[in-house]
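A.B. asks: here is my input, please return the structure:
(one chain, ligands or ions: 2)
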Amino acid sequence: MKPNVVLYRKIPDDLLAKLQEQCQVTYFDGINADNRAAFIKALAEAEGVIGVGLQFSDELMAAAPKLKAVSTISVGYDDFNVAKLSARGIALMHTPGVLTETTADTIFTLVLCAARRITELAEKVKQGEWQGSIGPDWYGSNVHGKTIGILGMGRIGYAVAKRAHFGFGMNVIYYNRSAKPEAEQQLNARRCSLDELLADADFVCNVLPLMPETRHIINRDTLAKMKPSAFFINGGRGASVDEAALVEALKSGVIKGAGLDVFETEPLPVNSELLSLPNVVALPHIGSATHETRYEMSKMAVENLLAALKGDLTKHCVNPDILR
Ligand SMILES: NC(=O)c1ccc[n+]([C@@H]2O[C@H](COP(=O)([O-])OP(=O)(O)OC[C@H]3O[C@@H](n4cnc5c(N)ncnc54)[C@H](O)[C@@H]3O)[C@@H](O)[C@H]2O)c1
Ligand SMILES: O=C(O)[C@H](O)CO
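C.D. replies: Ligands and ions are numbered 1, 2, ... in the order given. Model (predicted):
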């Protein structure tokens, strides 16, 4: 008999067909207040779950007693409690690698947009405010030749650093749990302490995964250690930043500006003070959001789930130890 699977995010038709060939699929086009009860009901028979953008709470875990595998269509897996999944022998699969270069493109776009005030000034042009030759009040800051500090020199951190080093002649420093010899050899990157990075970087660029140690790693104290001319770029997770402290730092000139793809609450509430600050570039969590990359992520997530339901955890499994 085909295993029951609950899909809670739209995926391309050919990938849905592939999933349906091997599984009995119950599909939800995202979970909201109207369909949550039906979703919870469907979880009762689910051996597999696949989707993204939903906190997989204790309530949802309890509603899924037959669950064997969860496949998130993302590389970040902070929506899941890995220890609790592992304790129940449930495999957690994710999509590393396929989104690395696209996400690095987005993050570097934020570096450029924040430094050169691209969205702010483009808006002024549209509003008819470009009435003469521009002066220093519309100038930005150089990117080339500056120092970029990468928080989290993993796959995406390295891809950002590669762009900075080869494309913009930037000096690369990084803060990471372990040393990254490839970055040191290929990009002349230097590993340093968090404090050192904050003091030296012209662009502090967060690509750390969200976990207890990285929650609010950017806060009032760490922001105060940055240069007043520096920019903070967030391409990791919103909750790595104390947003109230960031707003304060941006308003009071503790730092110069920010480029943000992720936020503590998403979608970013329309009354967020961040939206009223001219020195903030805010994007709607589009790190990996290209047609090509989102297709590859869905494909990998479907393949991951099918493999995990057959007991194959050799690829893209966060907790393969459950087999021991
Ligand atoms: N904005 C987006 O759309 C988007 C897209 C993809 C990924 N992301 C985020 O980026 C994160 C990184 O993705 P990746 O593929 O580069 O992951 P990765 O695992 O390759 O890299 C993470 C790096 O952080 C380091 N690290 C982890 N915890 C640390 C700690 N406490 N202190 C210091 N270093 C630590 C790891 O050693 C690793 O080198 C994801 O977890 C996700 O949250 C965001
Ligand atoms: O972690 C990821 O893959 C991105 O944030 C997309 O959700």
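A.B. asks: can I take it that residue 173 is in a helix?
C.D. replies: No. Residue 173 is assigned strand when assessed by DSSP: H, G, I helix; E, B strand; the rest coil, not a helix.
A.B. asks: quick one: it from residue 218, how far?
C.D. replies: 16 Å (CB to CB, to the nearest Å). Backbone N, C-alpha and C define where each C-beta goes, glycine included.
A.B. asks: so what pairs up with residue 5 in the strands?
C.D. replies: Here residue 5 sits in beta bridges with residue 25, residue 48, as judged by DSSP bridges.
A.B. asks: which residues are in contact with it?
C.D. replies: Residue 5 sits next to 19, 23, 24, 25, 26, 46, 47, 48, 49, 50, 305, 309 when contact means CB atoms under 8 Å, 6 or more residues apart in numbering.
A.B. asks: show me which pair in these is furthest apart.
C.D. replies: Farthest apart among the contacts of residue 5 by CB to CB are 26 and 309. That separation is 14.9 Å.
A.B. asks: which among the contacts of residue 5 end up buried?
C.D. replies: Buried members of the contacts of residue 5, counted by 16 or more other CB atoms under 10 Å: 19, 23, 24, 25, 26, 46, 47, 48, 49, 50, 305, 309.
A.B. asks: the fifth one against residue 3, yeah?
C.D. replies: Put plainly, it is residue 26. No. When contacts are counted by CB atoms under 8 Å, residue 26 is not listed as touching residue 3 (11.7 Å).
A.B. asks: any weak-confidence spans in the stretch 201-324 of the chain?
C.D. replies: For the stretch 201-324 of the chain, residues meeting the criterion pLDDT under 70 lie at 324.
A.B. asks: helix, strand or coil for the one residue in it that gets nearest to ligand 1?
C.D. replies: Nearest residue of the stretch 201-324 of the chain to ligand 1 (CB to the nearest ligand atom) works out as residue 287 at 2.2 Å. Recorded secondary structure, residue 287: coil (three-state DSSP).
A.B. asks: that one: neighbour count?
C.D. replies: With neighbours defined by other CB atoms under 10 Å, the count for residue 287 comes to 24.
A.B. asks: ok, residue 242 next?
C.D. replies: By the criterion of other CB under 10 Å, residue 242 has 20 neighbours.
A.B. asks: the more surrounded of residue 173 and residue 218?
C.D. replies: More crowded of residue 173 and residue 218, by other CB under 10 Å: residue 218, with 26 against 20.
A.B. asks: what lies in contact with the helix ranked longest in the chain?
C.D. replies: Assignment by DSSP state H gives helix 291-309 as the longest helix of the chain. Here helix 291-309 makes contact (CB under 8 Å, 6+ apart) with 3, 5, 11-12, 15, 18-19, 22-23, 47-48, 50, 52, 68-69, 71-74, 91, 93-95, 98-99, 102, 288, 313-317.
A.B. asks: report the buried members of these.
C.D. replies: Among the contacts of helix 291-309, those classed as buried by neighbour count (16+ other CB under 10 Å) are 3, 5, 11, 15, 18-19, 22-23, 47-48, 50, 52, 68-69, 71-74, 91, 93-95, 98-99, 102, 288, 313, 316-317.
A.B. asks: sitting in strands, which of the residues you listed do you find?
C.D. replies: Counting by DSSP state E, the buried ones among the contacts of helix 291-309 place 5, 48, 50, 69, 71, 72, 91, 93 in strands.
A.B. asks: excluding its backbone neighbours, what's nearest residue 170?
C.D. replies: residue 164 (4.0 Å; CB to CB, 6 or more residues apart in numbering).
A.B. asks: confidence score at the one you found?
C.D. replies: At residue 164, the model reports a pLDDT of 99.
A.B. asks: can you get me a residue count around it?
C.D. replies: Neighbour count of residue 164, defined by other CB under 10 Å: 27.
A.B. asks: gap between it and ligand 1?
C.D. replies: In this view, residue 164 and ligand 1 are 15 Å apart by CB to the nearest ligand atom, to the nearest Å.
A.B. asks: wait, doesn't that residue sit right on residue 149?
C.D. replies: No. Between residue 164 and residue 149 there is no contact under CB under 8 Å: 10.1 Å.
A.B. asks: show me the contacts for whichever residue of the chain sits closest to ligand 1.
C.D. replies: At 1.7 Å from ligand 1, residue 154 is the closest residue in the chain, using CB to the nearest ligand atom. Residue 154 makes contacts with 176, 207, 209, as judged by CB under 8 Å, 6+ apart.
A.B. asks: many thanks, have a good one.
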